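Novice: sequence and computational prediction follow.
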Amino acid sequence: MSDGAADVRRRAADGTSGVSSDAPAGLCLADARLHGTAAVLAADAAADVTYDLILLDPPYRMLPSLTDHLARHLPALLAPAGRAVLESDAGEAAPALPLPVLAERAYGGTRITVVTHG
């Protein structure tokens, strides 16, 4: 990540966001419910918004319902050298996303998967 990146957007379940000008550009879908998360993904993809970093920590039980939305919109949301970090249940198979996996590690009951745009 670049030290010169412009801003970070933080999206909450209610769609509000905050911006910090001293951090790398990224998107955090914080504690979002499926409907809110899907709407944010679709709206940002439709607006051609891209991010250097996307942090995804959905409730594990909701991840199967969210996987199709991630597969459809995540490639369009990542900047050319962008990364997405997805947290999921280590006891379940990692979601299949149409992006190259850079790293995947299990820490106790949690799996961390890092994917890249290219």
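Specialist: Cool, the structure landed.

Novice: pull out the buried positions in stretch 77-89.
Specialist: Residues of stretch 77-89 classed as buried by neighbour count (16 or more other C-beta atoms under 10 Å): L77, L78, A79, G82, R83, A84, V85, L86, E87, S88. The C-beta positions use only the backbone N, C-alpha and C, and glycine is treated the same way.

Novice: can you verify my assumption that the first one contacts D52?
Specialist: No: with contacts defined as C-beta atoms under 8 Å, L77 does not count as touching D52, sitting 10.5 Å away.

Novice: show the residue spans covered by the strands in this protein.
Specialist: Here the chain has its strands, by DSSP state E, at 8-12, 17-20, 26-30, 51-56, 78-89, 101-107, 110-116.

Novice: for the longest helix along the chain, what is the distance to the chain centroid?
Specialist: Using DSSP state H, we find that the single longest helix of the chain is helix 63-77. Centre-to-centre, helix 63-77 and its host chain are 9 Å apart (C-alpha atoms, centre = their mean, to the nearest Å).
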